[in-house]
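# Give the three-dimensional model of this entry:
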Amino acid sequence: MTDETEKTSLPAPSPAPRRARSVAGGLALLLSLVTLIGLGYVWYLLSYKSHIVGLDVTRSFQAQSQALIQLNTKIASLEQTQAASRKAIADLAQRQASLATANRPGRHWRVRAAADLLLIANDQLRFQHNVPLALLALHQAQRELRRQDDPRLLPVRKAILQEILRLKALRHQHTSTMALDLVVLARSARTLPLSLPRAFPEKTAAAANPAALPFWRRAVDGIWQDFTGLIRIHKEPVHERALLAPKRAYFARENLQIRLYGAQLALLEHRPALVAADLGAADRWIRRYFDVKARSTQAVLAKLQDIRQKNQALKWPDISQSLHLLRRLSRAAS
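Now for the predicted structure:
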């Protein structure tokens, strides 16, 4: 009897493997759902970040293009103002010629016209820093005093000649070295290194003895390592330099060259305010889109700072001596 009861009780342990299989299936289903959710979240983050970066770069280039358009309009308005000033001087010369033909011998009106021209030259140099227009006014005043043919005006003519030589020396000194330096900097912009994405630190090595961990712990650690390897979260401050796509690197270099050549043009036209504005914009552009840690970039920034200091420290000569002498002689003659 005991043997028969033992034989009949042997098949009872069969439900245990079925329960283990159901648990393993549930665990596999749960892991697959977690993996699918993680992949969907990673896809959403990557698509959203790429969209945001593209919008930021597009807005930045639109702002720069608008700034260039405004700068071109300002340059056009300044050129129109200079043309109007030249036209005013030409009209003044024509009026002087008409007065000379109508009121001969005409001795005093030439002196007054020369005084007005000297005053225009002083105003243009002191307030506008416009060397070409100041030189034009000085030459015209010298011509009028030469036509006067009065020996008492020789000290005034000598003072005007010295002032003309000072302005010509300033013009040569102002454009000879700094303009060449700006050309060299504009050409070096083609080889400056752009700012590249940062390399994230590598992950630490795994545990020394992973076989000692339980099976479920090793499975969870493996899934977590695979999930965290798909995405890297890196917090950066708001003022971090913008990263450019390889296709937009050409526009970054061209914009920098436009700024430097614009500073050179303003330097040749003797407009120190416009030179300072273009140099400041070029400095900000380099610090935003180029690698400031590279030696070549640091050398360009140092050269730009040197040119800005030279432009600010430029001393404009005093050309008021001839005007004071002419006024003194006019008061003595009257």
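
# what helices or strands is the helix or strand hosting G262 leaning on?
If you go by DSSP states H and E, G262 is part of helix 249-268. When contacts are defined as 3 or more C-beta pairs under 8 Å, 6 or more residues apart in numbering; DSSP states H and E, helix 249-268 sits against helix 15-102, helix 154-188, helix 272-289. The way it works is simple: take the backbone N, C-alpha and C, and place the C-beta from them, glycine included.

# would you turn those into JSON lines with mean neighbour count?
Shown next, in JSON lines, are those (neighbours: other C-beta atoms under 10 Å):
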{"stretch": "helix 15-102", "mean neighbour count": "12"}
{"stretch": "helix 154-188", "mean neighbour count": "16"}
{"stretch": "helix 272-289", "mean neighbour count": "18"}
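
# quick one, which of those helices is nearest to W216?
Checking the helices and strands packed on helix 249-268 against W216 by C-beta to C-beta gives helix 15-102 as the closest, at 8.1 Å.

# related to what we said a few turns ago, and the helix holding G262, how far out from the chain middle?
Distance of helix 249-268 from the chain centroid (C-alpha atoms, centre = their mean, to the nearest Å) equals 9 Å.

# now the angle from that helix to helix 154-188?
If you take axes from the mean of the first three to the mean of the last three C-alpha atoms, to 10 degrees, helix 249-268 sits at 170 degrees to helix 154-188.

# Can you give me the buried ones in helix 249-268?
By 16 or more other C-beta atoms under 10 Å, the buried positions in helix 249-268 come out as 252-253, 255-260, 262-268.

# Name the nearest residue to P155, sequence neighbours excluded.
The shortest distance from P155 to any non-neighbouring residue, by C-beta to C-beta, 6 or more residues apart in numbering, is to L325 (5.7 Å).

# number of nearby residues for that neighbour?
18 (other C-beta atoms under 10 Å).

# what's the average pLDDT for stretch 75-92?
Stretch 75-92 shows an average pLDDT of 86 in the prediction.

# CA atoms only for that stretch, dumped as CSV, please.
The C-alpha coordinates for stretch 75-92 follow below in CSV (Å, rounded to 0.1, in the frame of the first residue of the first chain):
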residue,chain,number,x,y,z
ILE,A,75,27.1,104.3,-44.9
ALA,A,76,24.9,105.5,-47.8
SER,A,77,23.5,108.4,-45.6
LEU,A,78,27.0,109.4,-44.6
GLU,A,79,28.1,109.4,-48.2
GLN,A,80,25.2,111.6,-49.1
THR,A,81,26.1,114.0,-46.3
GLN,A,82,29.7,114.2,-47.5
ALA,A,83,28.5,114.8,-51.1
ALA,A,84,26.2,117.5,-49.9
SER,A,85,29.1,119.1,-48.0
ARG,A,86,31.3,119.0,-51.1
LYS,A,87,28.5,120.5,-53.1
ALA,A,88,28.1,123.3,-50.6
ILE,A,89,31.9,124.1,-50.8
ALA,A,90,31.7,124.1,-54.6
ASP,A,91,28.7,126.4,-54.5
LEU,A,92,30.6,128.7,-52.1
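
# follow-up on the earlier one: now do the same contact list for the residue nearest to P155.
155-156, 159 (C-beta atoms under 8 Å, 6 or more residues apart in numbering).

# what secondary structure does it sit in?
Three-state call for L325 (DSSP: H, G, I helix; E, B strand; the rest coil): helix.

# Now render the contacts of L325 as JSON lines, adding pLDDT.
Listed next are those as JSON lines, based on pLDDT from 0 to 100:
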{"residue": "P155", "pLDDT": "90"}
{"residue": "V156", "pLDDT": "91"}
{"residue": "A159", "pLDDT": "92"}
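
# would you list every one of the strands in the stretch 101-250 of the chain?
Shown for the stretch 101-250 of the chain, no strands are assigned by DSSP state E, counting those that start in this stretch.

# so where's it uncertain?
Scanning the stretch 101-250 of the chain for pLDDT under 70 picks out the ranges 101-107, 171-176, 196-212, 227, 229-247.

# contact partners of the helix holding G262?
For helix 249-268, the surrounding residues in contact (C-beta under 8 Å, 6+ apart) are 61, 64, 68, 71, 174-175, 178-179, 182-183, 185-186, 189-190, 192, 194, 244, 272, 274-275, 278-279, 281-282, 285-286, 289-290, 307, 311.

# C-alpha coordinates for it, CSV please?
What follows is helix 249-268 as a C-alpha-only set of coordinates in CSV (Å, rounded to 0.1, in the frame of the first residue of the first chain):
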residue,chain,number,x,y,z
ALA,A,249,30.8,77.9,-41.4
TYR,A,250,31.3,79.7,-44.8
PHE,A,251,28.8,82.4,-43.8
ALA,A,252,30.5,82.9,-40.4
ARG,A,253,33.9,83.5,-42.1
GLU,A,254,32.4,85.7,-44.7
ASN,A,255,30.6,87.9,-42.2
LEU,A,256,33.9,88.3,-40.2
GLN,A,257,35.7,89.4,-43.4
ILE,A,258,32.9,91.9,-44.2
ARG,A,259,33.3,93.4,-40.8
LEU,A,260,37.1,93.7,-41.1
TYR,A,261,37.0,95.1,-44.7
GLY,A,262,34.3,97.6,-43.6
ALA,A,263,36.6,98.8,-40.8
GLN,A,264,39.4,99.2,-43.4
LEU,A,265,37.1,101.2,-45.6
ALA,A,266,36.1,103.4,-42.7
LEU,A,267,39.7,103.8,-41.8
LEU,A,268,40.6,104.9,-45.3
